[in-house]
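Enquirer: curious how this folds, go ahead:
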Amino acid sequence: MRRTLVHLILIGCLVTAGFAPVAGTAIATDASTTHQTPTATDVSPAPVAADTTTNTTNASTADASATETQTVTLLTYNDVQTAAAEDGSFPRMVTAIEERRAATDNPTVVAGAGDQIGPHALSPISAYRAPVDVLNTVQPDADVIGNHEFDYGLQEIDNVTRDSEFPWLASNLVNSTTGEPFSGTENYTVVERDGVKVGFIGLVDRGATYGKTNIDFAAEGITLEDYTQDGPETARYLKQQKDVDVVVALAHTGVPDAKELARADEGAIDVIAVGDDEQFYPPQETSGTVITEAEARADYLGELNLTVENGDVTAWNGRLIDTSTYAKNETASRIITDYRSEVSLDSTVTVSETKLDARFATNYHRESNYGNLITDAMRAEADADVAITNAGGIRSNSQYGPGPITGGDVFNTLPFPNTLVTVELTGAELKETLASQVVTLESDTGQQFGEEISQQTSGVRFEWVPHENASPQIRDVYVNRAGPDEPADWEKLDEDATYEVAVNNFMAAGGSGYPLADEPRVEESDKLIATVVVDYLEARDTVNPQVEGRMERVDSDASDAEVRADGNGKVVLTLDAPSDVESVEADSFTLTAKAAGVGSVQAEKVVFDAEDDRLVVRFDDAQLANYVNGDDAELDLYGEYESSQYEFVYFEHARLNADITVESAEKGTQKGNAGNGKQNAVAAPTATATAVVA
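Expert: Below you'll find the predicted structure:
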């Protein structure tokens, strides 16, 4: 904004903008996200809470002297996605836009920051048409092509833009030969309201193109230019050649990259409306540019009021508006319900006895019960050894049940037109495939969102170590040779053996970084993943999926164990603690059987001796005997602790592991081993004479 300002809260400016400040406001200290935890923001000035619904007001101004000023209001939304198929937040957002337009005499413009037309439950039926039909009732001034605008293919963009009564922008995604916007899109658009000219540009980054689509843009004759160069250049052109007063960049990049753009543009861009990473990010300044993102799924509407003097933005205030308080727009509701009625999305397919977790944060970071259900359905349909689905393929960021589950619920969580594909992999290739989705804590993504496993699985269980120095990052892999509805038959992965693995066609083509594009196909089905899950559920009156320990996070190893039976029906493990243990979470310590299916034994007591860096963990011997039954059994000890080494973003604590071997006392032996150090130890028979633990 090319000026140094004294930052004040302007009562008069707020009233003019259509909302009044609230007495006793407090400084907001955090901006949360529905996907994953964001990093700290560099904000000037700090956001100020406008009301108890987390709306935010922020103002800055200079002495206007006698200069005539004008205020223009910008309303923004982003990542409507799954809401496009539901008669809920999307129609409410339409009403919010209408009412905010009517609430002020300011010239008002409306724009989106991408990912509006997919994915959603109606994608297989209406493709882009349902959301575009609703957006046409809004009559926005511009939107930007995001990665999910490519859900229906590159060639379909022409049809999307043809049926849209507003321009779609792609300023830095251009025809490689001509340098002009690629087919169906525009470089910029200029809107004039009451003498104020607002210029819109549309920007994407590599993560929202090559990173989240299967399109080889270069091969298609499209060049992705550097948004930090192309954006400021286009903004300066609009200011200098088109006499634009306000430049708004619709940036489908995520907030961190939007900040990079703000630092690079040297004041040419006044506002960056962000999409892609779905953060709740009320308007805040970075390097003189206002950045805002309205989370996702039409739950919020961004409102930003800009004071314009002589072609410059000299002051602003803004907030995010919760759309849940608005009534649904009747036209938008009718459009959505008409599409839904064509495919009976409101019919119940089963009843869940538990809450099905389709939240982004869960499915990116850890095993989820809904991820287990989806992959069990895929494995059963394909009659495969293993099934894997990418975390990004599970949408809606919601939970369903307990209670009736509808076909619409399933299609809302699995909205992509992805189909079932079975590939053949060696054990070594399966490990490589699983490892491709590990996000380490030390990586850029890990520093922003935390360590991630980024997938859900069936028929395979393993440990993942999310740190750069870990080798291997996928270990202790077991495969269940039995079907998902049969008693488990776990066996250690054979790296030379072959396994049939069910995935979706996006993954099979190399999407989400899976190394599967060149792997042999066993079968390619035309059946949608959502349909696979619906059929699986319809065959069951009730479902009750649980988290079973299919993907176990490990940050460190405990070793040099000494194990004994105390003669009173208890088994005591004494181990060297990892060097970074400061304190332990006693309730988290369990022993889990590697090859005995679902189940674990919780420790009765855990003591950490900080002086000697030793852990003492006690278990009930009778419970451990359930895993032995006259045979040797391999167990895993897991436990969480406060770490002096790692600063976590998503998880609260580090997690340790030790391998424990259990031998039956009936076999007449008193030897075993424990800990990843594999040091032998000797223990006396237990009081129940059923197991010796070491």
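Enquirer: which residues in the stretch 351-500 of the chain form strands?
Expert: Secondary structure of the stretch 351-500 of the chain by DSSP state E, counting those that start in this stretch: the strands cover 356-357, 386-390, 399-400, 403-406, 419-426, 455-458, 460-464, 474-480, 490-492, 498-504.
Enquirer: what is the third one packed up against?
Expert: Which is strand 399-400. Counting by 3 or more C-beta pairs under 8 Å, 6 or more residues apart in numbering; DSSP states H and E, the packing neighbours recorded for strand 399-400 are strand 356-357. No exception for glycine: its C-beta is placed from N, CA and C like everyone else's.
Enquirer: again, but for the last one
Expert: Packing partners of strand 498-504 (3+ C-beta pairs under 8 Å, 6+ apart): helix 369-382, strand 386-390, strand 419-426, helix 427-435.
Enquirer: then the second one?
Expert: Judged by 3+ C-beta pairs under 8 Å, 6+ apart, the packing partners of strand 386-390 are helix 369-382, helix 427-435, strand 455-458, strand 498-504, helix 505-508.
Enquirer: got the angle between it and strand 474-480?
Expert: Going by axes from the mean of the first three to the mean of the last three C-alpha atoms, to 10 degrees, strand 386-390 is angled at 130 degrees with respect to strand 474-480.
Enquirer: what lies in contact with stretch 168-175?
Expert: With contact meaning C-beta atoms under 8 Å, 6 or more residues apart in numbering, stretch 168-175 is reached by 142-145, 149, 157, 160-161, 180-189, 200-204, 209, 217, 221-227, 230-231, 234, 250.
Enquirer: distance of residue 604 from residue 571?
Expert: 10 Å (C-beta to C-beta, to the nearest Å).
Enquirer: tell me which helix or strand of the chain sits lowest on mean pLDDT?
Expert: In the chain, no helix or strand scores lower on mean pLDDT, DSSP states H and E than strand 679-682, which sits at a mean of 28.
Enquirer: between residue 604 and residue 571, which is the more surrounded one?
Expert: Neighbour totals were compared for residue 604 and residue 571, and residue 571 leads with 29 against 15 (other C-beta atoms under 10 Å).
Enquirer: quick one: that one is in a strand?
Expert: Yes. The assignment for residue 571 by DSSP: H, G, I helix; E, B strand; the rest coil puts it in a strand.
Enquirer: before we move on, the earlier item: just the buried ones out of the contacts of stretch 168-175, please.
Expert: 142-145, 149, 157, 160-161, 181-182, 184-189, 200-204, 209, 217, 222, 224-225, 227, 230-231, 234, 250 (16 or more other C-beta atoms under 10 Å).
Enquirer: and the strand ranked longest in the chain, how far out from the chain's middle?
Expert: Across the chain, the longest stretch assigned as strand under DSSP state E is strand 581-593. With C-alpha atoms, centre = their mean, to the nearest Å as the basis, strand 581-593 stands 27 Å off its chain's centre.
Enquirer: same deal with stretch 425-443?
Expert: Worked out by C-alpha atoms, centre = their mean, stretch 425-443 lies 19 Å from the chain centre.
Enquirer: same check, this time on stretch 533-541
Expert: For stretch 533-541, the distance from its own C-alpha centre to the chain's C-alpha centre is 26 Å (C-alpha atoms, centre = their mean).
Enquirer: pull out the buried positions in it.
Expert: Within stretch 533-541, the residues that count as buried by 16+ other C-beta under 10 Å are 533-534, 536-537.
Enquirer: again, but for stretch 89-96
Expert: 89-96.
Enquirer: same deal with stretch 562-575?
Expert: Residues 562-565, 570-575 are the ones in stretch 562-575 that count as buried (16+ other C-beta under 10 Å).
Enquirer: before we move on, the earlier item: can you say which of the helices and strands packed on strand 498-504 is nearest to residue 623?
Expert: Minimum separation from residue 623 across the helices and strands packed on strand 498-504 (C-beta to C-beta) falls at helix 369-382, 23.7 Å.
Enquirer: what packs against the closest one?
Expert: Taking 3+ C-beta pairs under 8 Å, 6+ apart as contact, the helices and strands that helix 369-382 lies on are strand 356-357, strand 386-390, strand 419-426, strand 455-458, strand 498-504, strand 521-528, helix 529-538.
Enquirer: ok, the fifth one: who's next to it in the sheet?
Expert: Going back to what we said before, that points to strand 498-504. Strand 498-504 has the following strand partners under DSSP bridges: strand 386-390 (parallel), strand 419-426 (antiparallel).
Enquirer: alpha carbons only: can I get it in PDB?
Expert: Output in PDB follows, covering the C-alpha atoms of strand 498-504 (Å, rounded to 0.1, in the frame of the first residue of the first chain):
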ATOM      1  CA  THR A 498       4.100 -60.000  -5.000                       C
ATOM      2  CA  TYR A 499       0.900 -58.400  -3.600                       C
ATOM      3  CA  GLU A 500      -2.300 -57.100  -5.200                       C
ATOM      4  CA  VAL A 501      -3.000 -53.600  -4.000                       C
ATOM      5  CA  ALA A 502      -6.300 -51.700  -4.600                       C
ATOM      6  CA  VAL A 503      -5.900 -48.000  -5.200                       C
ATOM      7  CA  ASN A 504      -7.900 -45.300  -7.100                       C
END
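Enquirer: residue boundaries of the helices in the stretch 201-350 of the chain?
Expert: Taking DSSP state H, counting those that start in this stretch, the helices of the stretch 201-350 of the chain run over residues 227-241, 255-264, 330-341.
Enquirer: I'd like these as JSON lines, with mean pLDDT appended.
Expert: Shown next, in JSON lines, are these (pLDDT from 0 to 100):
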{"stretch": "helix 227-241", "mean pLDDT": "96"}
{"stretch": "helix 255-264", "mean pLDDT": "96"}
{"stretch": "helix 330-341", "mean pLDDT": "92"}
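Enquirer: alright, that wraps it up for me.
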